[in-house]
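**Q** The following comprises the amino acid sequence and a computationally predicted model.
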Amino acid sequence: AQKITQTQPGMFVQEKEAVTLDCTYDTSDPSYGLFWYKQPSSGEMIFLIYQGSYDQQNATEGRYSLNFQKARKSANLVISASQLGDSAMYFCAMMGGFKTIFGAGTRLFVKA
Amino acid sequence: DTGVSQDPRHKITKRGQNVTFRCDPISEHNRLYWYRQTLGQGPEFLTYFQNEAQLEKSRLLSDRFSAERPKGSFSTLEIQHTEQGDSAMYLCASSLVRGGTSGANEQFFGPGTRLTVL
C-alpha cells in the first residue's frame, strides 16, 4: 500500500533562514512522482515542486528544492531564504499509477 | 482567468438533502480529480477521470456519491442523502497528460467547495 508520512505538525523558522520540511513515503511501484503543495490560509493548493522517481538530479524551483533520497524513501522540501509569505500548510504528495495520496501536512510559521 | 473553477464556493445544507458541485478544469486538461479535505488533514483522493471515463474510485466514495464528466470537460460531484460526516472541503484538480503515459503530472487545483451539513 502507498503511504506518505509528514512527521512535523508544525515548524518555526526565522525570516531569511532556510528550513527543511520532512516527507517519507512508501510504495512498491517502481514509477512514481513526488510533489509538494503549499496551502495558505485562503485554502487554495499551490504547486511548488515535482520529483520523478527516475530523475537523477534533485528538483529545484527558485527558493524551493527537493532533497530526494530514493534508498531512504524520503523527499524533503528545503525552502531557502524564508519569507513571511511562506507561512502556510505544506503537503507532500505521491502519485503512483493514477492515484495521488497526500500527507497530513506541516504548518510552517515564519517569524519576523 | 484560465484556472480551475468550482461552484459553489460554499454550500450549507440540511442532513438528508442532496447536493451537487461543479468543477470546470483548465480547458485543455484531459485528467480531472476530485478530493475531499477535512480540517487539519491533507486532501483525500475520491475519484479520477481521463477525458469522460471515470477510471478510478476510492473506497471513500460510497454509493451516496456519484461523479460524472459527460463530455470530457466539466465535472459534477453529487452527494445524495447528505450526512454530517460529509462536511468537508471538496477540491477539484486537473492535469494534462500527453502520449497516454501514466506518469506523474502537476495537478492544478480549484478553490474548493466547502460543504457544511447541519
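**A** Right, received. Where do you want to start? Numbering: from 1, shown residues only, chains lettered A, B, ... in the order given.

**Q** Point to the helix or strand of the chain where mean pLDDT is at its lowest.
**A** Assuming you mean chain A. Ranked by mean pLDDT, DSSP states H and E, the weakest helix or strand in chain A is strand A:99-102, scoring a mean of 89.

**Q** try chain B instead
**A** Among the helices and strands of chain B, strand B:53-57 carries the lowest confidence by mean pLDDT, DSSP H and E, at a mean of 87.

**Q** what's downstream of that one, the next helix or strand?
**A** Reading on from strand B:53-57 to the C-terminus, the next helix or strand found by DSSP states H and E is strand B:65-68.

**Q** Average pLDDT for that following strand, rounded please.
**A** Averaged across strand B:65-68, the pLDDT comes to 94.

**Q** now swap in stretch A:6-23 and tell me
**A** Average pLDDT, stretch A:6-23: 97.

**Q** what residues does it touch?
**A** A:4-5, A:24, A:34, A:36, A:67, A:74-84, A:90-92, A:103-112 (CB atoms under 8 Å, 6 or more residues apart in numbering or on different chains). The C-beta positions use only the backbone N, C-alpha and C, and glycine is treated the same way.

**Q** Now, those residues that are in strands?
**A** If you go by DSSP state E, those have A:4-5, A:24, A:34, A:36, A:67, A:74-79, A:90-92, A:106-111 in strands.

**Q** Near chain B, list only the ones from the residues you listed.
**A** Filtering those for proximity to chain B by CB under 8 Å from any CB of the partner chain leaves A:I4, A:L34, A:F91.

**Q** My guess is the first one contacts A:T100. True?
**A** Translated: A:I4. No: the criterion here is CB atoms under 8 Å, and A:I4 misses it with A:T100 at 9.6 Å.

**Q** shared neighbours of those two, which are they?
**A** By CB under 8 Å, 6+ apart, the residues touching both A:I4 and A:T100 are A:A93, A:M94.

**Q** In CSV, list the ones next to chain B among the ones in strands among the contacts of stretch A:6-23 along with neighbour count and distance to B:Q50.
**A** CSV is the format used below for those (neighbours: other CB atoms under 10 Å in any protein chain shown; distance: CB to CB, whole Å):
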residue, neighbour count, distance to B:Q50
A:I4, 21, 23
A:L34, 28, 22
A:F91, 26, 24
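
**Q** Starting from A:S65, give me the distance back to the spatially closest residue to B:Q6 that is not a sequence neighbour.
**A** Counting by CB to CB, 6 or more residues apart in numbering or on different chains, B:G110 is the residue found nearest to B:Q6 once chain neighbours are left out, at 4.1 Å. Distance from B:G110 to A:S65, counting by CB to CB, to the nearest Å: 27 Å.

**Q** One more: B:Q41?
**A** Counting by CB to CB, the separation of B:Q41 from A:S65 is 26 Å.
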